[in-house]
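Asker: dropping the sequence and predicted coords here.
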Amino acid sequence: MTTISSPDGQANSKVWQAQDGWHIDVRGMQPPAPMLAILSLLEMPDAGSRVVVHHDREPVFLYPELTERGWNWRLVPGDDREVRLVLSREAPF
Amino acid sequence: MFPVDPSQNAKGRLLPPDVPFRFFGAAILFHILAWLVLVLLAKPSQGLTWPVLAALHLLTLGVLAMVATGASFQLLPVATKRTVRSPNLCRSIFWMMTGGVLAFALGLLGEIHWLVAAGGVLVALGLVVTAVLLADNLLGVDDMPVVTGHAWIATLSLVAVEALGGVLALNLAFGFLGARSPLVLAHGLLATFGFMGMLASGLSTILLPMFALSLAPSERLGRMALACNGTGLLLAVAGALVEQPYLMALGGALGLCGMGLLGWSLVQAFKKRMRKRTGFFFLPIWTGAALGPVSILSGMAALFDLFPNAGLLFIWLTVVGWLLTFLLGVLQRIMPFLASMHSATPLGRTPLLSQLMAEGLTKTHFVLHVIALVAVGAGLVLDVPLLVRLGAVSGLLGALAFAGYGFELYRRVRRFKSENI
């Protein structure tokens, strides 16, 4: 697991790679840090075509930014303490 | 796997789109009306005449308060992580404010005292319910103290503004106050620097980084700015009520420090932004933000009579130069942003922001707005009514261009929905 520290010393995002692609956990971070962490991951050269986001609420402000970058999203069931999204660079689900 | 409709997720639900957009739509129409009144009826050389007061309140209540109310209902929950409790209450606030602003302005234009009082009371009711909803949303929240702290001061200022505004409106009808100038000044300071200014300052520490894709500005500097802004407002209002210009000037100096600290922290955060090309809408935002300190300086000049008509220039720079310029810049961005979010398809797509924004119209608006700002400001200081009227014509044309931007956004969203949903 990789921890990405934000420059202002606030909560960090946790990033790890699993069989289903990259995962990023931005729970506990204050806006707009979750959005920046997710977009930074998507802009990494090895981000792949599928990223799973673990969030503490639905990131509605992220959606226009995803569209601008050619990514789709869908909400999928997660555990009780999270909103889980699957982001995909592929064609719409 | 079956896709989940994003709008059905309780943890991040947006308010129904009609809630913020009814406030924004009304603000766009009142913006046109305000300039129209200035063009047709204002005689600025006679000072704050009734038509000038009508135009002023169409701008402050009809545009600034409408935008602030609609935007806070939708955007404050980003910081508090709690949705505003009742969309229906938000809608009823809209009707109270819209009806109230219309009655208030018509009353001033027709010099119908009871209509002014009725409109004032209706707007006051709407804004008091707004304050209750905002306080309810803020209660128990200790995250993001810079945002919530400014929002608390804005909410408390709003209650004070409405209490004073209600007294002043009733005084117009029944004439029971002896000296009303201190109350008028305190009312104006609380409305502009208290309610509007604090809300704009607090929300800008979330919104502007979100627009530019930068980290939030330094919390330490934000807390210092909050302390300066809060103390400065308190001193300025106290100074107005007890008629002590030096106390007001001290409040103004603290306000300058607060604006400086907040501006500096935002600039530092922006240096590390991800989005290198930030878009045209940042020009009115920065222009408005830069005119905030200028308005305070002109207020100080007015306190000590440094040049003729400094008081009128102070009102002009505060309401139009700082707040209106800044808020219309923000509105240019949040309207398409919210429209895009509300148009999300179940397949996880939104319209592209660049496809929703008719940037040519915003550029036209900005040019005409700046011409109006400079021409009316110069006309007020130099006491040249023709300059004021020509500037107002430019402002009116700019307001029409802005309305065109809003209409074009609506048309483009409709087209996206018809093609994709």
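Answerer: Ah, there it is. Residues are numbered from 1 along each chain as shown, chains lettered A, B, ... in the order given.
Asker: only C-alpha atoms from now on, for both contacts and neighbour counts.
Answerer: Fine.
Asker: in chain B, which spans are strands?
Answerer: According to DSSP state E, chain B carries no segments that qualify as strands.
Asker: point out where it drops to low pLDDT.
Answerer: For chain B, the stretches flagged by pLDDT under 70 are B:1-13, B:44-48, B:421.
Asker: output the contacting helices and strands for the longest helix along it.
Answerer: Counting residues, the longest helix found in chain B (DSSP state H) is helix B:385-420. With contacts defined as 3 or more CA pairs under 8 Å, 6 or more residues apart in numbering or on different chains; DSSP states H and E, helix B:385-420 has these neighbours: helix B:18-41, helix B:325-342, helix B:353-356, helix B:359-382.
Asker: the same query, at a cut-off of 7 Å, please.
Answerer: Using 3 or more CA pairs under 7 Å, 6 or more residues apart in numbering or on different chains; DSSP states H and E as the contact criterion, the secondary-structure elements in contact with helix B:385-420 are helix B:18-41, helix B:353-356, helix B:359-382.
Asker: how far off centre is the shortest one?
Answerer: Helix B:353-356 has its C-alpha centroid displaced from the chain centroid by 24 Å (CA atoms, centre = their mean, to the nearest Å).
Asker: before we move on, what about the first one?
Answerer: Its chain's C-alpha centre lies 12 Å from the corresponding centre of helix B:18-41 when counted by CA atoms, centre = their mean.
Asker: CA atoms only: put that helix into PDB for me.
Answerer: Presented in PDB, the C-alpha positions along helix B:18-41 are these (Å, rounded to 0.1, in the frame of the first residue of the first chain):
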ATOM      1  CA  ASP B  18     -34.800  23.600  -9.300                       C
ATOM      2  CA  VAL B  19     -33.700  24.800  -5.800                       C
ATOM      3  CA  PRO B  20     -30.400  26.500  -6.600                       C
ATOM      4  CA  PHE B  21     -31.400  27.400 -10.200                       C
ATOM      5  CA  ARG B  22     -34.600  29.200  -9.200                       C
ATOM      6  CA  PHE B  23     -32.400  31.500  -7.000                       C
ATOM      7  CA  PHE B  24     -29.900  32.000  -9.800                       C
ATOM      8  CA  GLY B  25     -32.600  32.600 -12.400                       C
ATOM      9  CA  ALA B  26     -34.200  35.300 -10.200                       C
ATOM     10  CA  ALA B  27     -30.800  36.900  -9.600                       C
ATOM     11  CA  ILE B  28     -30.200  37.100 -13.400                       C
ATOM     12  CA  LEU B  29     -33.600  38.900 -13.900                       C
ATOM     13  CA  PHE B  30     -33.100  41.200 -10.900                       C
ATOM     14  CA  HIS B  31     -29.700  42.100 -12.300                       C
ATOM     15  CA  ILE B  32     -31.400  43.300 -15.500                       C
ATOM     16  CA  LEU B  33     -34.000  45.200 -13.600                       C
ATOM     17  CA  ALA B  34     -31.500  46.900 -11.300                       C
ATOM     18  CA  TRP B  35     -29.600  48.400 -14.300                       C
ATOM     19  CA  LEU B  36     -32.800  49.300 -16.100                       C
ATOM     20  CA  VAL B  37     -34.000  51.300 -13.000                       C
ATOM     21  CA  LEU B  38     -30.600  53.100 -13.000                       C
ATOM     22  CA  VAL B  39     -30.800  53.900 -16.700                       C
ATOM     23  CA  LEU B  40     -34.300  55.100 -16.700                       C
ATOM     24  CA  LEU B  41     -34.900  56.700 -13.300                       C
END
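Asker: got the helices and strands packed on helix B:385-420 as TSV, with mean neighbour count and distance to chain A columns?
Answerer: As requested, the helices and strands packed on helix B:385-420 are exported to TSV (neighbours: other CA atoms under 10 Å in any protein chain shown; distance: least, CA to the nearest CA, whole Å):
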stretch	mean neighbour count	distance to chain A
helix B:18-41	21	15
helix B:353-356	17	7
helix B:359-382	20	17
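Asker: between these, which gets nearest to B:Ala403?
Answerer: In this view, the helices and strands packed on helix B:385-420 are compared for proximity to B:Ala403 by CA to CA, and helix B:18-41 is the closest at 5.9 Å.
Asker: any low-confidence regions in chain A?
Answerer: Checking chain A against pLDDT under 70 turns up A:1-11, A:90-93.
Asker: what's the neighbour count on B:Pro308?
Answerer: B:Pro308 has 14 neighbouring residues, counting by other CA atoms under 10 Å in any protein chain shown.
Asker: for it, give its distance to A:Arg69.
Answerer: Using CA to CA, to the nearest Å, one obtains 54 Å as the distance from B:Pro308 to A:Arg69.
Asker: tell me which residues touch the residue in the stretch 201-350 of chain B that chain A sits nearest to, please.
Answerer: Distances between the stretch 201-350 of chain B and chain A by CA to the nearest CA are smallest at B:Gly348, namely 4.7 Å. For B:Gly348, the set of contacting residues under the criterion of CA atoms under 7 Å, 6 or more residues apart in numbering or on different chains consists of A:Asn72, A:Trp73, A:Arg74.
Asker: who's in contact with the first one?
Answerer: Going by CA under 7 Å, 6+ apart, A:Asn72 touches A:Leu66, A:Leu87, A:Ser88, A:Arg89, A:Pro92, B:Gly348, B:Arg349.
Asker: what's the burial count for residue 49?
Answerer: Because you didn't say which chain, this covers chain A. Neighbouring residues of A:Ser49 were enumerated by other CA under 10 Å; the total is 13.
Asker: hm, I was asking about chain B
Answerer: Taking other CA under 10 Å as the neighbour definition, B:Thr49 ends up with a count of 15.
Asker: with A:Asp79 instead?
Answerer: Other residues within reach of A:Asp79, judged by other CA under 10 Å, total 8.
Asker: I'd guess it is in a strand, am I close?
Answerer: No. Per DSSP: H, G, I helix; E, B strand; the rest coil, A:Asp79 lies outside any strand segment and is coil.
Asker: from A:Trp22, how far off is it?
Answerer: As for A:Asp79, its distance to A:Trp22 is 18 Å (criterion: CA to CA).
Asker: what residues of the lengthiest helix in chain A count as buried?
Answerer: The helix that spans the most residues within chain A, counting by DSSP H, is helix A:33-42. If you call a residue buried by 16 or more other CA atoms under 10 Å in any protein chain shown, then helix A:33-42 has these buried ones: A:Ala33, A:Pro34, A:Met35, A:Leu36, A:Ala37, A:Ile38, A:Leu39, A:Leu41, A:Leu42.
Asker: show me what contacts the third one?
Answerer: Residues in contact with A:Met35, defined by CA under 7 Å, 6+ apart, are A:Leu62.
Asker: again with the second one
Answerer: Contact analysis of A:Pro34 by CA under 7 Å, 6+ apart lists A:Val26.
Asker: mind redoing it with 8 Å?
Answerer: By CA atoms under 8 Å, 6 or more residues apart in numbering or on different chains, the residues touching A:Pro34 are A:Ser13, A:Val26, A:Arg27.
Asker: next one: the last one
Answerer: With CA under 8 Å, 6+ apart as the criterion, the residues that contact A:Leu42 are A:Val51.
Asker: from B:Leu158, how far out is B:Gly166?
Answerer: B:Gly166 sits 12 Å away from B:Leu158, taking CA to CA as the criterion.
Asker: neighbour count for those two, which is higher?
Answerer: Taking B:Gly166 and B:Leu158 together and counting by other CA under 10 Å, B:Leu158 has the greater number of neighbours (25 against 21).
Asker: hmm, back to that, who wins for most neighbours among the contacts of A:Pro34?
Answerer: Top of those by neighbour count (other CA under 10 Å): A:Val26, with 24 neighbours.
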